[in-house]
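Asker: here is my input, please return the structure:
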Amino acid sequence: MFREFVSSIHRLFRSERGSVAVQIGVGLVVLVGMAGLGTESTYLLYKHRQMQAVADSAALSGAMALSQPFPRDPQSEARAVAARLGYVHGAQQVAVTVNVPPVSGLQAGNSGAVEVIVAQPQDLSIMQLFGNDSVNVGTRSVAIRNDTGRFCVLALDPSAADAMHIYNNAVLPNPSCGVAINSTSDTALVMANNAVIDGPVTTRGQWQLDNNAELNGSPLIQNGPLVPDPYADVQLQPAPPCTGQSGTGKNGVTRYLTPGRFCDGWDFKNNVDLNLAAGTYYIDDELSIKNNVVITGTDVTIVINGNYAIDIDNNAVLDLSAPTSGAYAGVAFFGRRDATPNVLQKFSNNTVLNIQGAVYFPNQILEFDNNGATTPLGCTHVIGRMVRMMNNVELKNNCAGTGVKPLSPPAQLVE
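Answerer: Modelled structure (predicted):
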């Protein structure tokens, strides 16, 4: 019996019937390990890109803080943006380092630049097999303040969905005519049906693009910093007594007006040429400009001194420049800050805005539709609580050297 037992043990050790299974098992372990390592490498790449976007947004926010009329702490601004994007300094081993001025790179020592470094260790299961408990992922970005400004449209509402809506072939084709939106909504900017922006875009929230809509400019920033209202300090001045001038005209007449308060409003239509002397025009009850009316004036501000919707359409041409000094400096159209928020102020049906200055309705909705356009040589800033552009509208502004206030000095990524 002993000899049979020893023989059985010997045959067991010499048997090869399980070798294939062992080889397959070892191979599977190797394949699973390689797949796991590839997955973790992809995850590291994803986290690096995510953190780079956070560093970019935080650096831009910090640089913007340096350039406000009342500068804020760039470190607090940068870390607040990073926190909003899921990277809270000091939490879960996240480190958001903000250096003003930068301590390295081409902008080292530049007091107008902000350096942001975002770092966080990443725990990886496969890496632990090689003795590494975690891998530290870090990204760096540097932004500088840029006092020239490249925006021509600003939507001021802090939370509205569709704060800026561009659709049906509306185009902003000038790389220097960008869009800034202060809403934190996930749909702060909505674009559809071949709408195009070729300039920079910054929004505190996010955007939604549908049906061939395109953003072609740079930079394109979501979850970005607040863009301040450059005309926030412009206040409604006391209106003078009612003028004795008539605010009506039609059928080919030519009218010359001087500044004053038009208590019965304006109603001009059918090929009227309206010439305005320099100054401020307070329009109380209505403003109706339609059917080939041409308005011409230099150093002019038109104040919508009532709670009504304007009506400017049907081939109207507005050839106006805002004053360069005084209470309404830079403002061509001024809407009251206490006006009803949901009133829609429209420029439509082939209206041409050859305006140097701001179309400014801080508490209302501005709409440009049906082939309305600004001229390439104009400098029309569009500022409203909300802004809509539709149906073949084009804004083609070039504000270089005009003296119009920039719509917030934006920041620029440089590293």
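Asker: domains of this protein?
Answerer: For the chain, automatic domain parsing gives the domain ranges 19-145, 151-409.
Asker: and V100, what does it touch?
Answerer: Counting by CB atoms under 8 Å, 6 or more residues apart in numbering, V100 touches G62, L66, P74, Q75, S111, A113, V114, E115. Quick note: C-beta positions are derived from backbone N, CA and C, even for glycine.
Asker: one more: I295?
Answerer: Residues near I295 by CB under 8 Å, 6+ apart: L274, L276, I289, A316, V317, L318, D319, L320.
Asker: wait, the second one touches V294, no?
Answerer: Going back to what we said before, that points to L276. No - using CB atoms under 8 Å, L276 is not in contact with V294; the gap is 11.2 Å.
Asker: I'd like to know how far N292 sits from F268.
Answerer: Counting by CB to CB, to the nearest Å, the gap from N292 to F268 is 10 Å.
Asker: compare neighbour counts for these two and give me the winner.
Answerer: Neighbours were counted for N292 and for F268 using other CB atoms under 10 Å; F268 has more, 23 against 15.
Asker: partners of the helix or strand where V114 lies, with directions?
Answerer: Counting by DSSP states H and E, the element that carries V114 is strand 113-123. Strand pairing for strand 113-123, using DSSP bridges, gives strand 95-99 (antiparallel), strand 134-145 (antiparallel).
Asker: list buried residues within the contacts of V100.
Answerer: Among the contacts of V100, the ones that count as buried by 16 or more other CB atoms under 10 Å are G62, L66, P74, Q75, A113, V114, E115.
Asker: tell me the one of the contacts of V100 nearest D229?
Answerer: Closest approach to D229 among these (CB to CB): L66, at 18.1 Å.
Asker: pull the distance from stretch 312-322 to the chain's centre.
Answerer: From the chain centre to the centre of stretch 312-322 is a distance of 27 Å (CA atoms, centre = their mean, to the nearest Å).
Asker: dump the buried ones among the contacts of V100 to CSV, plus pLDDT and distance to A195.
Answerer: Converted to CSV, the buried ones among the contacts of V100 look like this (pLDDT from 0 to 100; distance: CB to CB, whole Å):
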residue, pLDDT, distance to A195
G62, 86, 31
L66, 77, 33
P74, 86, 34
Q75, 89, 37
A113, 86, 34
V114, 90, 33
E115, 92, 36
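Asker: from those, which two are the most distant?
Answerer: Pairwise over the buried ones among the contacts of V100, using CB to CB, the maximum falls at Q75 and A113, 13.4 Å.
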